[in-house]
Every structure is written in C-alpha cells, then in structure tokens.
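Visitor: Need coordinates for the following:
(4 chains)
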Protein chains: 2
Amino acid sequence: MVRIVDVAAEAGVSPSTVSHVLSGKRPISEATRERVLEAVRRLNYVPNPAAQALRERSASAIGFYGSDISETFVARNIRGVERVARHAGYHLLFASGIEFDYDVGRALDFLHSRRLDGIILAFAFNETEPIPFPRGLDCPVVTINRAVPEGYHSVLPDNRRGGYEAGRHLLESGATRIGFIGGPPNRPASSERQLGLARALEEHGLALEERRVYLGDYSQGSGVIGLRRLLEADPGIDGVFCVNDFTAAGAINAATQLGRRVPEELKVLGYDDRDFAEFWPVPISTFSYPLEEMGQYSAELLLSLMRGDSLPELTHYIPSTLVRRRSTAS
Amino acid sequence: MVRIVDVAAEAGVSPSTVSHVLSGKRPISEATRERVLEAVRRLNYVPNPAAQALRERSASAIGFYGSDISETFVARNIRGVERVARHAGYHLLFASGIEFDYDVGRALDFLHSRRLDGIILAFAFNETEPIPFPRGLDCPVVTINRAVPEGYHSVLPDNRRGGYEAGRHLLESGATRIGFIGGPPNRPASSERQLGLARALEEHGLALEERRVYLGDYSQGSGVIGLRRLLEADPGIDGVFCVNDFTAAGAINAATQLGRRVPEELKVLGYDDRDFAEFWPVPISTFSYPLEEMGQYSAELLLSLMRGDSLPELTHYIPSTLVRRRSTAS
DNA sequence: TTGTATGCGTTATCAG
DNA sequence: CTGATAACGCATACAA
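Guide: Numbering: from 1, shown residues only, chains lettered A, B, ... in the order given. Model prediction:
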C-alpha cells in the first residue's frame, strides 16, 4: 500500500507538504502543488482512513440504523441520508434492527463502539412498539419516523395533517357518511390520522361516529373484515379512510365482493402509496411520503448537530401528499 | 475516551497484558485475567477501532453495494449479509448505486478507498443494464443476482429452472395452450425463464409458439397489453407465464376486463412473490426467492475468499420456490 | 513557503 | 506468565 511518505519521496517534498496539498490547509506554491498532485496520481495514492481516523479522532462515518431495512420506507430513507452524507464526506455504517432483535440499545452500543460521528435511526411505519431506548450517547442522533422521549431530534410524517386532508378529500368527493379502518389503538401513526380525520369531519359539522371506526392491524385482511363490520354497523357508509394501502386494498376487495361499487357507491382512501396502489384493479387514492427527502433532511439535521449547532425544535414534521386515483373519484 | 493504558493502570498491569487478555492470544493467569476484565467493565472500555485497523491492516469491514436499495430484493439481501458478517465480527459499509449514477466502478473505488476486507455487490432484478465493470480490485468480491465477466464469484437465482417449473406447473394445472409475457429481450432473467418454460413444454410434446410470446418491460402495463395481444393472436390460450408479479397482475386485470375468468378459463403465473401477490383479488401463484439466504450465502462465500480459500465454481445458482395460489388453481 | 518531529491507541516482538 | 517498546500512517505544532 502506498503511503504519504512514498508520495513525498516521489515528488521530492516532505510528507507534511503532501498532507497540506491534499487538505488545502496551508498555502503551497503552485509548482510543488503540481508536482505533488502528479505524484499522487502516478502512485494512485489514497490516504489510509484508519490512520486518519486515529489522528483526527473522527471516523468520518455516520451510523444508519434501520429498524427493518426490507421495509421499503426505511430503504428509501437511506437514499436521502446517503446523498447528503457522502456529499459531506461521510461514509455510512449500516446496522439493521432485525440483527439486534429490535433492541435499539444494543444496536446503538454496536454503532457506538465504532466511534461514529453521528447516528441516524430510521424506523418502519406501523411498527411493533415502544423503543427500549439507549443510554447516554456522546454523539448526535436523529430519528426518522419515531419521536423519542429523551429529546433527540426527530423527523416525522405529519400524520395528523394527513388524516385531516384525507377527511377533506373524502368530503369533497361527495362522501358524507365516512368511516375509518385503522391500526391497533396504541400506534401513534394510526391514532393521529384518525384524529385528523375526525377534525375534518367536525369542521364540516359531522362526527366520526364510533360505529364507523374499526381498528385492525394494518393488514389487507383487516381491510376486508373492517369493511364488512362497518357496513354491518351502518349500511349507508359511502366513504372509508384506511390507515394504509394494504387495508384499503382489502376494503376494496371486500366491497367488490359485497357488490358495492368503488368509487360509485363507496369511496376508499388509503395511505402510503405502495407500488400496487397505482395498478390495483380500482387504482387506490392514497398519500405519499417524501421518503428520500426525509432521509436527506435528517442527515442535514445531523450534520448541523455534528458541527455543534444547537437547533431549537426537536420534532420536525413533514407533510404527505394526496395522490388522487379512481378509488375516490366523484 | 478510555484507552487501553487506562485499563492497564486500573488493573495494575501493562497495556500488553490487557491486550492479550482481550484477544486471548497468549496465556494469562486466572487472577490477572479477572482483574483486567473487571477493570474493563468498570471503565467501560471499548478498543478504538481506528487504532486497531491501523495496526492490524484490516478494518474488519465489508462493503455492501446495492444497486438500488429501495428495491425490496436488494434490501432483503442485505439482511442475510449482515447476519453472517456481524457474526464473523465484520461491519457493513454501505453504498448504493443510485448515488453513483449506477457506475459500479466509481462506487467500488469509493468503497475501496476505505480499505475494506471484502465487497458484496447486490443488483436489483429486472435491472437496466450491463455492468460497466471495475478495474482490478485487491480484495475479494462476490456479486448477487448478476454474473460478471471478469470471473468474480456470483450468487444467482436459477431462472432457467424457475421457468421450467413454471411450465410444469401450468401443464399440471391443466393448461395446454401456454403463452409467455416477458421482459425486454436482452435481459437474462427474462430470456432464461422463457427458455426454461419452452423446455418444459417440449418435454410434453408442445412448443412455445412465437405468437404466444409477448415481450414487454416488466411492468403491470405490459401485462395488460401483453395479454390482449396474446389473446388476439390465439384466443384459445389457457395459461400464461408472466415474467414477474407486476406483469401477472396486469394480465389478470386485463383478463377480467375481457371477461376471461382466472383461473377457470385462464391460468396466470407470476414470479417474485411481491407482497400484493398474496392478496390480489385473484391471489397470484408465483415463485419466491430465498433472498436472505442468498445474502447469507454470498457473505459466507466472501468470508471464505477472505480467508484465502480458493473456491472452484464461480457461479452459484439458487432455486426459487413455487407458491401455489388461486390464479393457477385447477 | 517548506521541513522535522511527535502522538493518536493498538498489537506484537522481544526480553525477562 | 508478564512488561517495555516499536511501529502502523497520518496531521499538525513548531521550527526554519
């Protein structure tokens, strides 16, 4: 492996000159500069990152913890993170929750043992549960899609607003007896969307009636069952907001089987903009997240923190965007 | 940050003793051993990885290049890789193709600059194109889902066999006039599945007739168009093998619109086992890949290579598994 | 504008 | 069984 001294010898200068040429941290005469750069090129010199890290007390690396990388949303976050990180000269060290039995504490210890300059934690939507959260970390941390008690900065989708816009959209498309098929009651993503929906209805002088709410488990199956239950409770329902596209797909399937035409007799609105939403037999109206942007934003946040900036707001809400398709056409 | 000398002081021994206790590379008396371990615990000592890397000439890190991490398949590969890598004490450095405009060479240079001990390249299925492949790397490399000219080891799905089994399955479920909706002609995944299908038909005394083949672009839309074309060319078609589930979904949509009942009048078989295949209005029979296992296997391969083993076969085929659902029920 | 010398924290060689 | 010491490759404080 070629070292800085080799380059120095080749260029006929001292190692420190080579170092300074490369870092630009002190003035160098154009002549020697050229010579050094030429030598670097000729020998194909790349600084040894371990030596740099040892010397600089910084690995130039950011840790990315993805609770479940095989979940598209987490995977898309990482793209945004990567773009910003690499641009700033940082590498990404990867750790997934699955390998640590979703024990964030252990995963963080692991990342931490690598002396990273910062850590980003990206969580899947609809995820299983509270975070058994870590002890004191001595590097900046930003979380995506999960607010964390201890006051770390987090980047979150604005679920409340999404739910509100869902309500507005269903009302605008002509529905008046509107139901909700959600996830388990303890999941913020679901309950906040429900709250948003309720507010939109209230503003319109309507209530989100108890009997028109079914809480399932985010699955397609709970869309099927949920829709049946809702129609039993109130056969006049003409619009359903589903907590995600899986549930919406199930609801549409069930509606079709029961002979209710979507969207003519029943509007169905999903969330997440999964790939299949676009080409479902009845294309599903839904909300899409700016997932890469969320990754990007969180990385920018982290870089600020790493620079020592102290940023005021700890929670950063990112809006989702309504995607209009046939399932809610009026 | 606590260093090895601190631990040594705390335990009343020399740094070298601490090092040896931790590495187990030379005999240590039980007494000092205990004392050292106790000190390590008390001070919460973690060796500085940069110093280790500098000294050991190895970063204990593996590079993972994912051509497109937001593609579920690549994402699931990484899980298998991670499991094996971490178990062997390696960390994962991440780089995605998108950030390098899919220029594998540049991405590899990047990873390489980190002096990694090995590199895994995972490619998406159905991907855009030939690999502009890298110059001489001085560390072991294994690719997933893409054979590479220069003789690197690669782990590939057995598409030929998948196509063959698709043909057998369609025949067994009663179809005799069987068509194929594929991807672009230059994609090995598609053409190999087609070849496998053709062979299964031939063994049965049937031919995969030209007019019963439509080559699209892997999308849902090409399933729609493809099925129409196929039915125009031969209204008697009673079975279609689609190159993936998107295409199969489109084919089912089109069939339904044309009044052909699936599976009663037409069997449709997909590939990939996408999430929606399971709950498509007509659940889609398909093939699932052992994606994590492929990741695992490639990591094991890489570790062997890193140990200096020289392994004979360069290409390792992994079979996919038929998943029987309603779309091909007899 | 350039060069010399030191230390980052670890491991391993050599001596005891 | 244990300890002192050198070296890994770099960046910088200091000297010129």
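
Visitor: Relative to A:Val104, how far out is the residue in the stretch 151-300 of chain A that DNA strand C sits nearest to?
Guide: In the stretch 151-300 of chain A, the residue that lies nearest DNA strand C is A:Tyr152 (26.3 Å; Cβ to the nearest atom of the strand). C-beta here means a position set from N, CA and C on the backbone, and glycine is covered the same way. To A:Val104, A:Tyr152 is 11 Å away according to Cβ to Cβ, to the nearest Å.

Visitor: quick one, strands of the stretch 51-200 of chain A?
Guide: A:61-66, A:91-96, A:118-122, A:141-144, A:153-157, A:178-182 (DSSP state E, counting those that start in this stretch).

Visitor: I'd like the ones you listed as TSV, with mean neighbour count and distance to A:Asp109 appended.
Guide: Below are the strands of the stretch 51-200 of chain A laid out as TSV (neighbours: other Cβ atoms under 10 Å in any protein chain shown; distance: least, Cβ to Cβ, whole Å):
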stretch	mean neighbour count	distance to A:Asp109
strand A:61-66	27	11
strand A:91-96	24	10
strand A:118-122	27	11
strand A:141-144	25	13
strand A:153-157	22	20
strand A:178-182	28	35
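
Visitor: Output those strands in a markdown table; the columns should cover distance to B:Gly66.
Guide: As requested, the strands of the stretch 51-200 of chain A are arranged in a markdown table below (distance: least, Cβ to Cβ, whole Å):
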| stretch | distance to B:Gly66 |
| --- | --- |
| strand A:61-66 | 12 |
| strand A:91-96 | 10 |
| strand A:118-122 | 15 |
| strand A:141-144 | 19 |
| strand A:153-157 | 22 |
| strand A:178-182 | 33 |
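
Visitor: CSV please, covering those strands and showing distance to B:Val243 and mean pLDDT.
Guide: Output for the strands of the stretch 51-200 of chain A, formatted as CSV (distance: least, Cβ to Cβ, whole Å; pLDDT from 0 to 100):
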stretch, distance to B:Val243, mean pLDDT
strand A:61-66, 30, 94
strand A:91-96, 30, 92
strand A:118-122, 32, 93
strand A:141-144, 34, 92
strand A:153-157, 34, 92
strand A:178-182, 34, 97
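
Visitor: Among the ones you listed, single out whichever gets nearest to B:Tyr164.
Guide: Closest approach to B:Tyr164 among the strands of the stretch 51-200 of chain A is made by strand A:91-96 (34.5 Å; Cβ to Cβ).

Visitor: What ranges does chain A have for its helices?
Guide: A:4-11, A:15-23, A:30-43, A:49-56, A:72-87, A:104-113, A:159-172, A:188-203, A:220-233, A:245-257, A:275-279, A:291-306 (DSSP state H).

Visitor: Near DNA strand C, which residues of chain A? Just list them.
Guide: By the rule Cβ under 7 Å from any atom of the strand, the part of chain A lying against DNA strand C is A:12-17, A:20, A:26-29, A:31-33, A:51, A:54-55, A:57.

Visitor: Would you mind checking those residues for buried ones?
Guide: For the residues of chain A next to DNA strand C, a burial check counting by 16 or more other Cβ atoms under 10 Å in any protein chain shown picks out A:13, A:17, A:20, A:28, A:32-33, A:54.

Visitor: Tell me the one among the residues you listed nearest to DNA strand D.
Guide: Of those, the one sitting nearest to DNA strand D (Cβ to the nearest atom of the strand) turns out to be A:Leu54, at 4.4 Å.

Visitor: and the closest one, how far is that from B:Pro47?
Guide: 12 Å.

Visitor: Provide a list of residues in contact with A:Ala299.
Guide: With contacts defined as Cβ atoms under 8 Å, 6 or more residues apart in numbering or on different chains, A:Ala299 is in contact with A:62, A:80-81, A:83-85, A:120, A:142.

Visitor: That one: what's its closest spatial neighbour, skipping adjacent residues?
Guide: Sequence neighbours aside, A:Val84 is the residue nearest to A:Ala299 in space, at 3.7 Å (criterion: Cβ to Cβ, 6 or more residues apart in numbering or on different chains).

Visitor: which residues touch the one you found?
Guide: Contacts of A:Val84 (Cβ under 8 Å, 6+ apart): A:295-296, A:299-300, A:303.

Visitor: before we move on, what about A:Ser70?
Guide: B:72, B:75-76, B:79.

Visitor: Throw together a ChimeraX command that grabs the buried residues out of the residues you listed.
Guide: Typed into ChimeraX, the line below selects the buried ones among the contacts of A:Ser70, using 16+ other Cβ under 10 Å:
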select /B:72,75,76,79
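
Visitor: Tell me the pLDDT of the residue in the stretch 151-300 of chain A that DNA strand D sits nearest to.
Guide: The stretch 151-300 of chain A approaches DNA strand D most closely through A:Ala299 (23.2 Å), counting by Cβ to the nearest atom of the strand. Predicted confidence (pLDDT) for A:Ala299: 97.

Visitor: coming back round to it: nearest to chain B among the contacts of A:Ala299?
Guide: Distance to chain B, by Cβ to the nearest Cβ, is smallest for A:Arg83 among those, at 5.9 Å.

Visitor: just how off-centre is the lowest-mean-pLDDT helix or strand in chain A within its chain?
Guide: The weakest-scoring helix or strand in chain A, judged by mean pLDDT, DSSP states H and E, is helix A:104-113 (a mean of 85). In terms of Cα atoms, centre = their mean, to the nearest Å, the centre of helix A:104-113 is found 20 Å from the chain centre.

Visitor: what's it packed up against?
Guide: Where contact means 3 or more Cβ pairs under 8 Å, 6 or more residues apart in numbering or on different chains; DSSP states H and E, helix A:104-113 is packed against strand A:61-66, strand A:91-96, strand A:118-122.

Visitor: ok, now with 10 Å
Guide: Helix A:104-113 sits against strand A:61-66, strand A:91-96, strand A:118-122, strand A:141-144, strand B:91-96, with contacts defined as 3 or more Cβ pairs under 10 Å, 6 or more residues apart in numbering or on different chains; DSSP states H and E.

Visitor: Please point out which parts of it sit buried.
Guide: Here helix A:104-113 shows A:104, A:106-108, A:110-112 as buried, counting by 16+ other Cβ under 10 Å.

Visitor: could you dump the contacts of A:Ser70 to a markdown table with pLDDT?
Guide: What follows is the contacts of A:Ser70, written out as a markdown table (pLDDT from 0 to 100):
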| residue | pLDDT |
| --- | --- |
| B:Thr72 | 85 |
| B:Ala75 | 89 |
| B:Arg76 | 91 |
| B:Arg79 | 91 |
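
Visitor: What is the nearest of the contacts of A:Ser70 to B:Phe180?
Guide: Taking Cβ to Cβ as the measure, B:Thr72 is the one of these closest to B:Phe180, at 24.1 Å.

Visitor: what's the neighbour count on A:Gly151?
Guide: 9 (other Cβ atoms under 10 Å in any protein chain shown).

Visitor: For it, give me the pLDDT.
Guide: Confidence score, pLDDT, at A:Gly151: 73.

Visitor: For chain B, see how far away the residue lying closest to it once chain neighbours are set aside is.
Guide: Leaving aside its sequence neighbours, A:Gly151 sits nearest to A:Leu314 (Cβ to Cβ, 6+ apart; 5.7 Å). Using Cβ to the nearest Cβ, to the nearest Å, A:Leu314 is found at 27 Å from chain B.
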